[in-house]
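Visitor: Give the three-dimensional model of this entry:
(one chain, ligands or ions: 2)
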Amino acid sequence: MLHEPAPAKINLALHLRRRRPDGYHDLESLFAFTEFGDTLTGEAADGLSLTLSGPMAAAADVGDDNLVLRAARALASAAGMSAGARLHLEKRIPVAAGLGGGSADAAAALRLLNRLWGLGWPLDRLAALAEPLGADVPVCVHSQTMFGAGKGELLSPWPGSMAGTPLLLVNPRVAVPTGPVFAGWDRQDRGGIDRTAPLTALRNDMTAAAVAIQPVISDVLAQLSAHKPIVARMSGSGATCLALFDTNAAMAATADALAGTGWWICATAIR
Ligand SMILES: C[C@](O)(CO)[C@H](O)COP(=O)(O)OP(=O)(O)OC[C@H]1O[C@@H](n2ccc(N)nc2=O)[C@H](O)[C@@H]1O
Ligand SMILES: Nc1ncnc2c1ncn2[C@@H]1O[C@H](COP(=O)(O)OP(=O)(O)OP(=O)(O)O)[C@@H](O)[C@H]1O
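Guide: Ligands and ions are numbered 1, 2, ... in the order given. As a prediction, this is how the structure comes out:
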């Protein structure tokens, strides 16, 4: 039995640049990954199957459309073989939450099946195959802090490590679909990411459009900011917001203070 972690993705910064003729958006993002995530397990089998368990399994129960299965079929087809694997997903990442959950699962499937089927493909080759599965899937194949441009698939290394930095994730238990948030962007290019700037000088340009759809997101950001984190910011298209802290004690105190809200709260760290 093979095990593969599917770390949740966060956008420490997300700067939108322009709407493209194909309807997608060129962006710049500082992507990072968390110690928290889903877990995919798999073993050899004749046909392809997927079972789900875990706190968020119901929302990810989308049958043949599951990104794990779509990734498996894409890899088998590219490798010229028939897809055979018995897969199981422990689903913990909230769905439609800005944490790239489905993308993380698709990427985990590519890494796991690359091993199970003895393909030996390098990560860059898996990431190229991942592009049609979703804009976040290539970076999830790497699952490490990276700078992304284009739709998010033009990846380059981010110098320095933030691994171990205490991180709080808070989702007000509302699902936010990605497309409508992009559509609500005011199309003002506020500039790309200055790689030498401190995190606090960077932005998530999707925040206003997401707040227009789910106003509770501004409450989450206000409550996190009140506890003086290094930075508090929405991730992706929301509604999950993240806060980075200097110490685990400061993170835990903030988690305690928000416990009464009924929001989904996850105390973790950057991986
Ligand atoms: C918001 C982010 O999560 C930030 O990391 C990503 O840009 C979105 O990644 P994703 O969910 O994997 O996106 P996809 O599944 O490829 O696209 C969902 C929808 O978002 C919009 N979309 C996505 C990525 C992008 N660069 N421009 C877009 O306009 C498109 O309307 C698309 O139909
Ligand atoms: N394994 C999966 N886990 C979650 N959602 C999946 C999965 N497979 C397919 N989906 C579909 O993908 C949709 C988006 O879910 P996901 O959690 O990936 O989005 P997200 O957190 O909004 O991502 P992003 O950070 O890119 O905005 C779901 O509504 C669901 O229909």
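Visitor: which SS state does the residue sitting furthest away from the middle of the chain fall under?
Guide: Largest separation from the mean C-alpha position in the chain: D46, at 30.9 Å (Cα atoms, centre = their mean). Recorded secondary structure, D46: coil (DSSP: H, G, I helix; E, B strand; the rest coil).
Visitor: I figured it hits G84, correct?
Guide: Yes: the criterion here is Cβ atoms under 8 Å, and D46 meets it with G84 at 5.3 Å. Where C-beta positions appear, they are placed from N, C-alpha and C, glycine not excepted.
Visitor: which residues of this protein fall in strands?
Guide: 2-19, 25-43, 48-53, 85-90, 146-149, 154-157, 166-171, 231-234, 241-244, 264-269 (DSSP state E).
Visitor: show me what contacts L87?
Guide: By Cβ atoms under 8 Å, 6 or more residues apart in numbering, the contact list for L87 reads 40-42, 48-51, 68-69, 72, 109, 112.
Visitor: Which one, of the strands of the chain, ends up nearest to ligand 1?
Guide: strand 25-43 (3.7 Å; Cβ to the nearest ligand atom).
Visitor: Mind giving me the packing neighbours of the closest one?
Guide: Contact partners of strand 25-43 among helices and strands, from 3 or more Cβ pairs under 8 Å, 6 or more residues apart in numbering; DSSP states H and E: strand 2-19, strand 85-90, helix 101-116, strand 146-149, strand 166-171, strand 264-269.
Visitor: Could you rerun that using 6 Å?
Guide: Packing partners of strand 25-43 (3 or more Cβ pairs under 6 Å, 6 or more residues apart in numbering; DSSP states H and E): strand 2-19, strand 85-90, helix 101-116, strand 146-149, strand 264-269.
Visitor: hmm, that strand touching ligand 1?
Guide: Yes: contact between strand 25-43 and ligand 1 is present through 25, 27, 29 (criterion: Cβ under 6 Å from any ligand atom).
Visitor: okay, the angle between that strand and strand 48-53?
Guide: 100 degrees (axes from the mean of the first three to the mean of the last three Cα atoms, to 10 degrees).
Visitor: how big is the angle separating strand 25-43 from strand 2-19?
Guide: 170 degrees.
Visitor: what does the stretch 151-271 of the chain put close to ligand 2?
Guide: Taking Cβ under 6 Å from any ligand atom as the contact definition, the stretch 151-271 of the chain meets ligand 2 at 178, 236-237.
Visitor: which bits of the protein sit near ligand 1?
Guide: 11, 14, 23-25, 27, 29, 100, 103, 134-136, 151-152, 178-179, 182, 236-237.
Visitor: follow-up on the earlier one: okay if I get the helices and strands packed on strand 25-43 as a markdown table plus mean pLDDT?
Guide: Listed next are the helices and strands packed on strand 25-43 as a markdown table, based on pLDDT from 0 to 100:
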| stretch | mean pLDDT |
| --- | --- |
| strand 2-19 | 98 |
| strand 85-90 | 98 |
| helix 101-116 | 98 |
| strand 146-149 | 98 |
| strand 264-269 | 98 |
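Visitor: what residues are up against the closest residue to ligand 2 within the stretch 1-150 of the chain?
Guide: Taking Cβ to the nearest ligand atom, ligand 2 has its nearest neighbour within the stretch 1-150 of the chain at G102, 2.7 Å off. Counting by Cβ atoms under 6 Å, 6 or more residues apart in numbering, G102 makes contact with L67.
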